[in-house]
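S.K.: I would like the atomic coordinates for the input below:
(chains A, B, C and D)
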Number of protein chains: 2
Amino acid sequence: MVTMKDVAAAAGVSSATVSNAYNRPSKLSATQRDHVFDVARKLGYSGPHPGASSLRTGSVGAIGLLITDWLSYAFEDPATTLLMRGIAQVSQMADISLTLLPGGGRLPSSVTEDQPDWPKVRRSVVDGFLIYSLPDNHPAVRSVLQRRSPVVIIDAPRVEGVPFVGIDDRAAARTAADHLVGLGHRRLGVLVDRLLPDGNHGIASQARIRRATDGVARERMRGIQDSLRHAGIPLSSVPVAEAGGFLFEEARPAVELLLDKYDLTGILATTDVLALTAMDVMKGRGIQIPEEMSVIGFDNLAEADQAGLTTIAQPLVEKGRVAAELILQVVAGKTAGTTILPTSLVERTSTAPANALKKSKRRSA
Amino acid sequence: MVTMKDVAAAAGVSSATVSNAYNRPSKLSATQRDHVFDVARKLGYSGPHPGASSLRTGSVGAIGLLITDWLSYAFEDPATTLLMRGIAQVSQMADISLTLLPGGGRLPSSVTEDQPDWPKVRRSVVDGFLIYSLPDNHPAVRSVLQRRSPVVIIDAPRVEGVPFVGIDDRAAARTAADHLVGLGHRRLGVLVDRLLPDGNHGIASQARIRRATDGVARERMRGIQDSLRHAGIPLSSVPVAEAGGFLFEEARPAVELLLDKYDLTGILATTDVLALTAMDVMKGRGIQIPEEMSVIGFDNLAEADQAGLTTIAQPLVEKGRVAAELILQVVAGKTAGTTILPTSLVERTSTAPANALKKSKRRSA
DNA sequence: CTGAAAGCGCTTACAG
DNA sequence: CTGAAAGCGCTTACAG
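M.R.: Residues are numbered from 1 along each chain as shown, chains lettered A, B, ... in the order given. As a prediction, this is how the structure comes out:
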């Protein structure tokens, strides 16, 4: 391998001059510079070794982005894609690159608790990390903290003293539930993507809901339960169907479970992906929305608008932008705190007052 | 900063032992290992510095992915997103991370030709590069080649001796054009995303089409012209509207140009994004598809299916997967050649025979 | 405007 | 199972 030293020797200069030719061209005469580049080309020199430079300078111009589960989620889950868009916009502007790191799918609790670190994080050559919605006690978070790298967490987990960007998931979910309850719905079902990353799915017990480690799902569940309690609806009367994942295909069985086994008038979905799947399944079964069933989502994806889904809007692209700006600040040595972005209820046509007549009609069907 | 040396000193061992504790845990006794980790924790050691490791080992476990223009395209352009999905699937499996590098938007030809290298590529700490659809003579390609890094090119540019994954854009586009011509269409218009990355848009001259540097657009244009020539339709009679970019919003003015200034019965779009925008604009104007206008696309996105768009199907996710597998091979020291994936015409309801009666009716409107 | 020298933090044969 | 030593390729004050 041709190194800077070889080029220096062949060009009859010191390696400092070769380094300057690449990194601070103004520090040497044009003649000298061209001479160095000429020799480099002739020798087949690849340019300064980036690893060695970073060792010396301590900076690499890249941010690591830890994503929930699989890398491909970044390009499949619509909410994640919107967030990524915001992050990408800022990274582009700041001329840094983005290194995508998977959080790694199913984590039996043994792994979660025992694995001391996440080698990928330990080995990543980046200046800082953005963590997006990882379960509590995820080893990758420990590794980032242990590296003492600059870090900003998006959505989850909440870690004392670590800069954070998110929304008030609990309050927002309560608003969604209050909306359905306020319309007179009492026979409600809940759709949640994932409570724990253990591969389970189906109807979740109260105990499982309490043990939830996926922060966003847990907070939204709490918001829903706040609303139910306030309305005097027993939590045990409201089935919670857990999809076990974040994608459209995973949502379908959870929806079917709710429709097959319970007589409901309203579905509270903790994400739009779940809500849209629910609408799709109901369409297939000829269930009228909102006449026979009200559905409310969370996220306000573009698809929600098209489908007429009532939902909670959260600024996903902006969340990405804010997070990217914050991590750049932290990398630059400034401090950053917690940013909570606003949410709002968007009423469309998927929710309507509970109607006793229709309900009993359906029940007799 | 606490280094491995400090930990070694405090633990009363050599730094080789500390290194082994992290990288080859089986090389020392459990007791010794725990002792080392204990001391490391007490001292606040961040673990082996990744830059220094990579300098020594020569590998970092990351692939750089150079994307057309802006990073956010990866999360906005549907075709790019599908490709990314395939790449992400493989990267995940192979436990490598993906560093996203922007190709950098508008490039006046002066930059394209003169800029000797692309500092971002030169400085990226990665084991190899995947290049996705960059214009000819893009400095980033030069930089990758100069680094002598392992590389696989997707779609464009074609570089002698560099492993390549793509489709036969020219033949596929000819198939699309032949389809419309075969249905009797003679008054055709073409929609193309971008011929050169110089920020221009509008009706493209024959000279501009010949000078095109965006490889995919150029090949598809050639395929269309092959078809027109074969059918005896003068190229000059077929307006080519260039959007200047790849996104839905950029396509709209190009569509309007075609509809406002020409009396057409068929539109050949070189991407589905363009075709879908065309259908949308026509819907807004009350133009019936396919009764009054036939439209054909290219890519076969999910949205094309929903819209009933006749198009050319290409396996985008698989293209990503193949490219990722190839770059891993090349990084591992194996050789790789050229892979051309199959395409096919998918007939839906956006194309129909040209009908003289309807055409003249429209013309008089 | 250019060069000699020190050192960034680590890993790896090799010897014991 | 553990350690001493060499060296990965570069950048940066500093001196001239």
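S.K.: Up against DNA strand D, what does the stretch 51-200 of chain A have?
M.R.: Residues of the stretch 51-200 of chain A that fall close to DNA strand D, judged by C-beta under 7 Å from any atom of the strand: A:52-53, A:55-57. C-beta: built from backbone N, CA, C; applies to glycine.
S.K.: wait, what's in contact with A:Val151?
M.R.: A:128-131, A:144-145, A:162-163, A:327, A:330 (C-beta atoms under 8 Å, 6 or more residues apart in numbering or on different chains).
S.K.: residue contacts, A:Ile63?
M.R.: So A:Ile63 contacts A:91, A:96-99, A:126-130, A:324, A:327-328, A:331 (C-beta under 8 Å, 6+ apart).
S.K.: And those residues, which is closest to B:Asn23?
M.R.: Nearest to B:Asn23 out of the contacts of A:Ile63 is A:Val126 (C-beta to C-beta; 19.2 Å).
S.K.: what about the stretch 251-365 of chain A, any weak spots by pLDDT?
M.R.: Counting by pLDDT under 70, the ranges of the stretch 251-365 of chain A that qualify are A:356-365.
S.K.: Can you list the residue ranges for strands in it?
M.R.: A:266-269, A:294-296, A:311-313, A:338-341, A:344-346 (DSSP state E, counting those that start in this stretch).
S.K.: A:Leu190: which element?
M.R.: One correction, residue A:190 is Val, not Leu. Using DSSP states H and E, A:Val190 sits in strand A:188-192.
S.K.: tell me the SS of A:Val152?
M.R.: Of the three states, A:Val152 takes strand according to DSSP: H, G, I helix; E, B strand; the rest coil.
S.K.: quick one on the thing from earlier: so which of the residues of the stretch 51-200 of chain A next to DNA strand D are also by DNA strand C?
M.R.: Near DNA strand C, by the rule C-beta under 7 Å from any atom of the strand, you find A:52, A:55-56 out of these.
S.K.: could you flag which of those are buried?
M.R.: Neighbour-count burial within these applies to A:52, A:55; the criterion is 16 or more other C-beta atoms under 10 Å in any protein chain shown.
S.K.: Next step: the ones next to DNA strand C among the residues of the stretch 51-200 of chain A next to DNA strand D restricted to helices.
M.R.: When DSSP state H defines the helices, the subset of these inside them is A:52, A:55-56.
S.K.: out of those residues, who's nearest B:Ala79?
M.R.: When those are compared against B:Ala79 (criterion: C-beta to C-beta), the nearest one is A:Ala52, at 37.7 Å.
S.K.: Now do A:Gly128 against A:Gln146, distance only.
M.R.: 14 Å (C-beta to C-beta, to the nearest Å).
S.K.: Save the contacts of A:Val151 as CSV, and put in secondary structure, distance to B:Thr335 and neighbour count too.
M.R.: CSV is the format used below for the contacts of A:Val151 (DSSP: H, G, I helix; E, B strand; the rest coil; distance: C-beta to C-beta, whole Å; neighbours: other C-beta atoms under 10 Å in any protein chain shown):
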residue, secondary structure, distance to B:Thr335, neighbour count
A:Gly128, strand, 37, 21
A:Phe129, strand, 36, 28
A:Leu130, strand, 37, 28
A:Ile131, strand, 38, 30
A:Val144, helix, 38, 29
A:Leu145, helix, 42, 18
A:Val162, coil, 46, 17
A:Pro163, coil, 46, 20
A:Ile327, helix, 39, 32
A:Val330, helix, 43, 20
